[in-house]
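>>> Provided below are the primary sequence and the corresponding predicted coordinates.
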Amino acid sequence: SVLCGATSYRKMEVFIRLQRHRLNALLGTQWEDTPSYGALRDVMLATDPVCLESVVRRQARRLQTSDPHLRYIAIDGKVLRGSADRLIDQRARQVLSALDQADHLVLGQCEIAEKTNEIPVAQQMIRELGLEGCLFTFDALHCQKKRWRPRSTAITTP
C-alpha cells in the first residue's frame, strides 16, 4: 500500500479493502474483512524491524533471477523526510539500500547510525548479503582515499 501511495493508516486500510481479494491470492491469506486502521497501526508498532528486514532479505533472495556472476548492485543512502526533530535535537535518519538492478529488487536496507556514514555501512551490507564479486554503483562519497597519517607526531630537529 505504501508503494502505491498510501501515506497514512487510513489510506492503507482503503488500499487493503480495495485489493483484499488480490492480496488474499498473493499472500495465501483468507481475510474476509479489512483490518481497521487502528489494527494496522498496532501491527506496525509491534513489528520488530530487525525481524522484518530478515524476512525482506530472504524473500529478495528467493525472487532473484539474475545470473549471480553478472549482478549489478546499486547502493545508495537516503535521508528519511520528516525524521528530524529540532525540538529534541534529533538529526534526520538515514537509510542505506542495496538494489539488484536487473531484477529491480531491494536486497536489503540498513540504518546509518548518527556517528558514522555510508562507507562502513555499505561495506558491512555487502558482506552480510554475500555480494562479493558483483559490479556496484555508488555515490561519489565512496571514492574517498584514506588520508595518510604519520605514526609519530614527534618533531625532530636537524
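Nice, thanks for sending it over.
>>> rest of the way, CA atoms for contacts and neighbours
Noted.
>>> am I right that I112 is in contact with S97?
No. The pair I112 and S97 does not pass the contact test of CA atoms under 8 Å, sitting 10.3 Å apart.
>>> in the helix ranked longest in the chain, what counts as buried?
For the chain, the helix that runs over the most residues, judged by DSSP state H, is helix 9-27. Using 16 or more other CA atoms under 10 Å as the test for burial, helix 9-27 gives Y9, M12, E13, V14, F15, I16, R17, R20.
>>> repeat for stretch 121-134
With burial defined by 16+ other CA under 10 Å, the residues of stretch 121-134 counted as buried are V121, A122, M125, I126, L131.
>>> again, but for stretch 51-64
By neighbour count, with 16+ other CA under 10 Å as the criterion, the buried positions of stretch 51-64 are V56, R57, A60.
>>> which stretches of the protein have low pLDDT?
The chain contains residues with pLDDT under 70 at 66, 68-69, 146-158.
>>> residue closest to the middle of it?
Residue closest to the mean C-alpha point of the chain, counted by CA atoms, centre = their mean, is Q109 at 2.4 Å.
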